[in-house]
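Student: no sequence on hand, only this structure:
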Ligand SMILES: Cc1cc2nc3c(=O)[nH]c(=O)nc-3n(C[C@H](O)[C@H](O)[C@H](O)COP(=O)(O)OP(=O)(O)OC[C@H]3O[C@@H](n4cnc5c(N)ncnc54)[C@H](O)[C@@H]3O)c2cc1C
Ligand SMILES: NC(=O)c1ccc[n+]([C@@H]2O[C@H](COP(=O)([O-])OP(=O)(O)OC[C@H]3O[C@@H](n4cnc5c(N)ncnc54)[C@H](O)[C@@H]3O)[C@@H](O)[C@H]2O)c1
């Protein structure tokens, strides 16, 4: 087979891979970008974008239902068709990536739909979606951005049922009457609340001892309280042990001895990295690994970079984009700051939103830091009191007392992800707590509660 020489091959065009391929092509490199499905990856078609459109709809439903307590009678007849139309037409153009492909080709990159696999150092073959194979030798090297797919737990009978994952959930034109969500991480929590607010009877079956296990326990506790108030049933420390489907209904056995029936099941139990079919063995790497170890320039080895979820630095679009910029500089030989991960922010878009940055209290203790924490409830702040219904939340700060800086923080509440911005700067720039205490906090903002949390540090 003829081998074509180019400068760079990018396998997988998630948000970071797409941006890196475009950036390298604009910098004058001869670039080939390959995606087995849609250019742009999970985020625009099955992840962040459609799910946040769902959240926008369900938040509106909830806010209208709060109107009698703050403004007077208002009513809403929730219609999923409105949400579906926005996702189908505005967000994903019917799950068609023509716009993204054209945008990338306009930068000068060659774009293939197909499966890219390493065949040796700086060598790739692409099994083209429309047939045939093309081989490349990449002078500078190869960037891997293959992302993840939904993990399906090895539960008896589950594989033989028509269970849903996030990829089905975002395409729904109609909602079921009842739904069991397997998994209480960010995907499970966001979608459970969305569907419940649109009238679906939702039960969350969570293997872990609490919802959103990577967040502070106080945030999990508050979210479980909110879910209970909204009629969402949450079962923690419970496993799905058997699933069956017949006559349009699921029957489910749980480890606590309960049996559930439901119209549909959504599996949101974590992700499987797309590393198993990449030819990693041809460059001395283990195709069975869950992550690829990268240095501060996202290098895996000479002429091989990895970015995005598979690096294990935070499975978020903003991490993929951040690494994309770092790796691009290395590929084109530009100066710049290496990657640091001490202040990775994240927000789960439940209502209230759960924002976090840096370390939780437990992680800071496990790291051997001398930890002090401060916490305050948002509803005890002036703004929380004025806000009234829907104003649940909290601010928690985690200080490395030896250095006098915050190493982690949580902002939960209405716009918790926006309040988080302040705390992300504090953790990222290691602003001394003494300096944060001398600031003036605008009254009556939600972020003013940060001052109260700082005063509570002990
Ligand atoms: C339901 C859901 C909601 C989410 N919400 C948020 C959110 O609100 N905020 C946030 O920051 N993050 C969110 N995420 C996470 C976010 O989607 C990912 O972190 C983000 O897409 C970055 O992933 P990535 O760059 O690793 O690659 P991905 O987006 O996973 O893309 C990888 C691409 O590689 C392709 N590929 C894989 N193997 C090959 C191969 N061998 N050859 C060719 N192509 C290949 C795939 O087809 C895919 O297009 C959400 C995820 C889900 C599932
Ligand atoms: N707003 C956001 O930023 C956002 C939203 C959605 C997803 N994401 C990203 O996508 C990633 C994947 O999300 P996720 O929610 O699928 O995964 P996750 O790994 O974060 O959570 C999965 C949860 O499922 C539970 N679980 C695992 N196996 C189970 C089983 N057999 N039965 C019941 N529960 C089980 C686990 O205890 C865990 O809490 C996240 O880690 C996050 O990085 C981000």
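Tutor: Received it, and whenever you're ready, just let me know what you need. As the structure is a prediction and not an experimental result, all values here were calculated from the model. Ligands and ions are numbered 1, 2, ... in the order given.
Student: would you agree residue 374 is in contact with residue 454?
Tutor: Yes - the pair residue 374 and residue 454 qualifies as a contact (Cβ atoms under 8 Å) at a distance of 5.8 Å. Using the backbone N, CA and C atoms, a C-beta is placed for each residue, glycine as well.
Student: burial count for residue 208?
Tutor: When neighbours are defined as other Cβ atoms under 10 Å, residue 208 has 15 of them.
Student: now do the contacts for it.
Tutor: 184, 236-237 (Cβ atoms under 8 Å, 6 or more residues apart in numbering).
Student: who wins for neighbours among these?
Tutor: Of the contacts of residue 208, with other Cβ under 10 Å as the count, residue 184 tops at 29 neighbours.
Student: per-residue confidence at the residue nearest to that residue when sequence neighbours are not counted?
Tutor: Leaving aside its sequence neighbours, residue 184 sits nearest to residue 206 (Cβ to Cβ, 6 or more residues apart in numbering; 3.3 Å). pLDDT recorded at residue 206 is 98.
Student: going forward can the numbers begin at 34, since that is how I track them
Tutor: Will do, 34 is the new start, and the previous item becomes residue 239.
Student: from residue 277, how far off is residue 239?
Tutor: The gap separating residue 239 from residue 277 is 21 Å, by Cβ to Cβ, to the nearest Å.
Student: so which of the two has more stuff around it?
Tutor: Neighbours of residue 239 and residue 277, each counted by other Cβ under 10 Å, are more numerous for residue 239; the result is 26 against 14.
Student: how is the chain carved up into domains?
Tutor: Per the record, the chain has its domains at 36-73+130-182+305-365, 191-303, 378-488, by automatic domain parsing.
Student: for ligand 2, what are the nearby residues on this structure?
Tutor: Residues of the chain lying close to ligand 2 by Cβ under 6 Å from any ligand atom are 186, 215-221, 223, 238-241, 246, 272-273, 301-304, 348-349, 379-382.
Student: residues contacting the residue nearest to residue 217?
Tutor: 216-217, 221, 267-271.
Student: wait, a strand at residue 148?
Tutor: Yes - assessed with DSSP: H, G, I helix; E, B strand; the rest coil, residue 148 lies in a strand.
Student: one step back: the domains of the chain: which one's closest to residue 109?
Tutor: The closest of the domains of the chain to residue 109 is domain 191-303. By Cβ to Cβ, the value is 10.2 Å.
Student: any bit of the closest one sitting next to ligand 1?
Tutor: Yes - applying Cβ under 6 Å from any ligand atom, one finds domain 191-303 in contact with ligand 1 at 199, 220.
Student: would you mind measuring the gap between the ends of that domain?
Tutor: Domain 191-303 has an end-to-end distance of 16 Å (criterion: Cα to Cα, to the nearest Å).
Student: how about stretch 278-292?
Tutor: 13 Å.
Student: if we can go back for a sec, now do the shared contacts for residue 407 and residue 487.
Tutor: Common neighbours of residue 407 and residue 487, using Cβ under 8 Å, 6+ apart, are residue 430.
Student: isn't residue 51 up against residue 137?
Tutor: Yes - counting by Cβ under 8 Å, residue 51 does reach residue 137; the two are 6.3 Å apart.
Student: give me the more crowded residue out of the two.
Tutor: A count of neighbours by other Cβ under 10 Å puts residue 51 above the other of residue 51 and residue 137, at 30 against 26.
Student: how far away is residue 443 from ligand 2?
Tutor: Distance of residue 443 to ligand 2, given as Cβ to the nearest ligand atom, to the nearest Å: 14 Å.
Student: give the full set of residues in contact with the residue in the chain positioned nearest to ligand 2.
Tutor: Proximity to ligand 2, evaluated over the chain using Cβ to the nearest ligand atom, is greatest for residue 218 at 2.1 Å. Applying Cβ under 8 Å, 6+ apart, we find residue 218 in contact with 245-247, 301-303.
Student: repeat the analysis, applying 10 Å as the threshold.
Tutor: By Cβ atoms under 10 Å, 6 or more residues apart in numbering, residue 218 lies in contact with 239-241, 244-248, 301-304, 381.
Student: same deal with residue 135?
Tutor: Contacts for residue 135 (Cβ under 10 Å, 6+ apart) come out as 72, 144.
Student: A helix includes it, no?
Tutor: Yes - secondary structure of residue 135 (three-state DSSP): part of a helix.
Student: any idea how far residue 40 is from it?
Tutor: For residue 135, the distance to residue 40 (Cβ to Cβ) stands at 22 Å.
Student: which SS class is residue 222?
Tutor: The assignment at residue 222 comes out as helix when based on three-state DSSP.
Student: next up, the contacts around it.
Tutor: Going by Cβ under 10 Å, 6+ apart, residue 222 touches 214, 216, 237, 239, 244-245, 253, 256-257, 260, 265, 267, 301, 381-383, 387.
Student: that one and residue 178, how far apart?
Tutor: Taking Cβ to Cβ, one finds residue 222 at 26 Å from residue 178.
Student: quick one: name whatever helix or strand follows the helix or strand hosting residue 91.
Tutor: Using DSSP states H and E, residue 91 sits in helix 81-103. Note on helix 81-103: by DSSP H and E, the next helix or strand toward the C-terminus is helix 113-118.
Student: which other helices and strands does that following helix contact?
Tutor: Of the remaining helices and strands, those touching helix 113-118 by 3 or more Cβ pairs under 10 Å, 6 or more residues apart in numbering; DSSP states H and E are helix 81-103, helix 219-230.
Student: most packed of those?
Tutor: Most buried of the helices and strands packed on helix 113-118, by mean neighbour count (mean count of other Cβ atoms under 10 Å): helix 219-230, with a mean of 25.
Student: surely residue 366 meets residue 57?
Tutor: No - the criterion here is Cβ atoms under 10 Å, and residue 366 misses it with residue 57 at 11.2 Å.
Student: now do the buried residues in stretch 400-418.
Tutor: Residues of stretch 400-418 classed as buried by neighbour count (16 or more other Cβ atoms under 10 Å): 402, 404-412, 414, 416-417.
Student: noted, bye for now.
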